[in-house]
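In: Using only what follows, build the 3D model:
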Amino acid sequence: MSLVLLGISHRTAPIEQRERLALPEAALPQALALLAAQPGVREGLILSTCNRVEILVAPRDGEMPDLLHFLALATGQSSLPPANCFYRHVDAEAARHVFRVASSLDSLVVGEPQILGQLKQAFAAAQAAGLVGPEIEAVATRAFHAAKRVRTETAIASQPVSVSQMGVDLARQIFGTLANKTILLVGAGAMGQEVARHLLRQGAHRLLVANRTLARAQALAAKFGGESIRLDDLPHHGEHADVVITCAGAPEPLISRAEAAHFLSRRRGRPMLFLDLAVPRDVAPAVHQLENAFVYNVDDLDQVVQAHLDGRRQEADQGETIIHAELELFLHRQGARDVVPTLRALQSHAESLRVAEWERMRRRLGALTAEQEAAIEMLTRSLMQKWLHRPLVELKDAASPDDRQLLTEVIHRLFGLPGNSNGES
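Out: Okay, here's the model as predicted:
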């Protein structure tokens, strides 16, 4: 197994740094094509969400891809965030990280289900780009299985605490009641739709939907019984919104400080809640300076969520135990797969010696009956299998990669097997 993972996430960098490296869905095919062209990359996968950007690769033998350079090229950044904003894992630790991400144990909203779907989408995109091979497929498949175990064998997903619920709670705190409140949804993102759905269920009665593509805004508005507006008409409708939910992820903010000030001036002291769920952010950071403007981005909301997660610590610990067991099984299977060439080479070498010796002795023994030949064939095969049993078992059951490497080298040297010290023939 050979894996390298480079990432930046909510645990290592604020949104100001992460939003510079976000790769929208539309840009992913081009980014994957660029990754495939990087020196040393044999397989690869890119995961980009509101809270993280991660590149997982299986490098070519003896080469180490420059993933920071790739990230700069893919995002068009002339300079990257500081080095301490990134983390790097290799081999077993890379696999462990992928398992934890898939199981939402690395999420700020522990137990949230979206990340598994996002990872599966990233895997599908990598497959479509021809970047999935045996290494990525093995770790991703096992990660999906581990995530399923964590969700079914623990209560981590029961009574979910989500950004959607936090949005509703914040709206209640600010307005007291959601009755007769108006929601403006900017962008057709899944999280924005979920927050809007929760707010409508709690009494908010009117929904406005703005999107770059009017047809998508119309479809979403029809789904929720709302009204669609053109994105260009946003300055004329913003003042009506009590809650503004943005999830467009535009290159530049869609709501500036001046526009927000204009909305508030026409609301005569009535507050506005801005839930900016986009990375990059859709609401200019300076909007929070305005009186009666309550602005929360994804980092702010995640911090609010954390205050509600104390009861999940035990479930998260159980999830970590499952991850440890799944990782051990995965590494053992990968190790067994790695020594298959050596096992086959040793068996083939032993069989060729047996056949050669049997043919030499056959000429010396003269004419034999069919029963005698069968008995000698069975005897020599049985002796060879018994003689090979111990080295084969020791190689298969070697506990660590270092043990397997040492045994592989010793077996190649002792028996003069073809191929290199890794058992590749």
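
In: Enumerate every residue touching residue 180.
Out: With contacts defined as C-beta atoms under 8 Å, 6 or more residues apart in numbering, the neighbours of residue 180 are 203, 205. In this view, the C-beta of every residue, glycine as well, is placed from N, C-alpha and C.

In: repeat that for 6 Å
Out: Neighbouring residues of residue 180 by C-beta atoms under 6 Å, 6 or more residues apart in numbering: residue 205.

In: isn't there a strand covering it?
Out: No: secondary structure of residue 180, determined by DSSP: H, G, I helix; E, B strand; the rest coil: coil, with no strand assignment.

In: Would you mind measuring from it to residue 205?
Out: 6 Å (C-beta to C-beta, to the nearest Å).

In: Could you do residue 76 as well?
Out: Distance from residue 76 to residue 205, by C-beta to C-beta: 43 Å.

In: Settle it for me: which of these two has more neighbours?
Out: Legend: neighbour count by other C-beta atoms under 10 Å for residue 76 and residue 205, higher for residue 205 (13 against 8).

In: and the gap between the more buried one and residue 345?
Out: On the measure of C-beta to C-beta, residue 205 and residue 345 end up 73 Å apart.

In: ranges for the strands of this protein?
Out: Assigned by DSSP state E, the strands in the chain fall at 4-9, 41-48, 52-59, 87-90, 182-186, 206-211, 227-230, 243-246, 272-276, 293-297.

In: Would you reformat those as a markdown table and include distance to residue 403?
Out: Formatted as a markdown table, those follow (distance: least, C-beta to C-beta, whole Å):
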| stretch | distance to residue 403 |
| --- | --- |
| strand 4-9 | 23 |
| strand 41-48 | 26 |
| strand 52-59 | 23 |
| strand 87-90 | 19 |
| strand 182-186 | 57 |
| strand 206-211 | 57 |
| strand 227-230 | 63 |
| strand 243-246 | 54 |
| strand 272-276 | 51 |
| strand 293-297 | 48 |
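
In: out of those strands, which comes closest to residue 123?
Out: Ranking the strands of the chain by proximity to residue 123 (C-beta to C-beta) places strand 41-48 first, at 6.2 Å.

In: Contact partners for the residue nearest the centre of the chain?
Out: Taking C-alpha atoms, centre = their mean, the centroid of the chain lies closest to residue 119, which sits 4.2 Å from it. Applying C-beta under 6 Å, 6+ apart to residue 119 gives the contacts residue 102.

In: can you do 7 Å?
Out: 47, 101, 102 (C-beta atoms under 7 Å, 6 or more residues apart in numbering).

In: want to try CSV for those, with pLDDT, distance to residue 286 and neighbour count as columns?
Out: Below are the contacts of residue 119 laid out as CSV (pLDDT from 0 to 100; distance: C-beta to C-beta, whole Å; neighbours: other C-beta atoms under 10 Å):
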residue, pLDDT, distance to residue 286, neighbour count
47, 97, 31, 24
101, 96, 33, 26
102, 95, 37, 27
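
In: Quick check: which ranges of the stretch 151-300 of the chain have low pLDDT?
Out: Counting by pLDDT under 70, the stretch 151-300 of the chain contains low-confidence residues at 157-162.

In: pretty sure residue 149 is touching residue 321, no?
Out: No: judged on C-beta atoms under 7 Å, residue 149 makes no contact with residue 321 at a distance of 10.4 Å.

In: any idea how far residue 20 is from residue 236?
Out: Applying C-beta to C-beta to residue 236 and residue 20 gives a distance of 31 Å.

In: Return the distance of residue 191 relative to residue 115.
Out: Distance, residue 191 to residue 115, using C-beta to C-beta: 12 Å.

In: can you give me the helices in the stretch 101-250 of the chain?
Out: Assigned by DSSP state H, counting those that start in this stretch, the helices in the stretch 101-250 of the chain fall at 114-128, 134-153, 163-175, 190-201, 214-224, 234-237.

In: For residue 250, give me its contacts.
Out: residue 282.

In: repeat for residue 227
Out: Residue 227 makes contact with 208, 221 under the criterion C-beta under 7 Å, 6+ apart.

In: Check residue 68 too.
Out: Neighbours of residue 68 in contact, by C-beta under 7 Å, 6+ apart: 6, 80.

In: could you redo the last one with a cut-off of 10 Å?
Out: Applying C-beta atoms under 10 Å, 6 or more residues apart in numbering to residue 68 gives the contacts 6, 55, 80, 83, 86, 88.

In: For it, give its distance to residue 6.
Out: 7 Å.

In: swap in residue 371?
Out: Using C-beta to C-beta, residue 371 is found at 66 Å from residue 6.

In: what about residue 181, distance to residue 60?
Out: Distance from residue 181 to residue 60, by C-beta to C-beta: 56 Å.

In: Comparing those two, which shows the higher neighbour count?
Out: More neighbours surround residue 181 than the other of residue 181 and residue 60, with 20 against 14 (other C-beta under 10 Å).

In: Please look at residue 225 and residue 204 and confirm they touch.
Out: No: in this structure residue 225 lies outside contact range of residue 204 using C-beta atoms under 10 Å: 11.5 Å.

In: of these two, who's got more company?
Out: More crowded of residue 225 and residue 204, by other C-beta under 10 Å: residue 204, with 22 against 10.

In: still on that earlier bit, more neighbours: residue 371 and residue 6, which one.
Out: Between residue 371 and residue 6, counted using other C-beta under 10 Å, residue 6 has the larger neighbour count: 20 against 8.

In: re earlier: looking at the helices of the stretch 101-250 of the chain, which is closest to residue 278?
Out: In terms of C-beta to C-beta, the element of the helices of the stretch 101-250 of the chain nearest to residue 278 is helix 190-201, at 8.5 Å.

In: which strands and helices sit next to that closest one?
Out: helix 114-128, helix 163-175, strand 182-186, strand 206-211, helix 214-224, strand 243-246, strand 272-276, helix 298-306 (3 or more C-beta pairs under 10 Å, 6 or more residues apart in numbering; DSSP states H and E).
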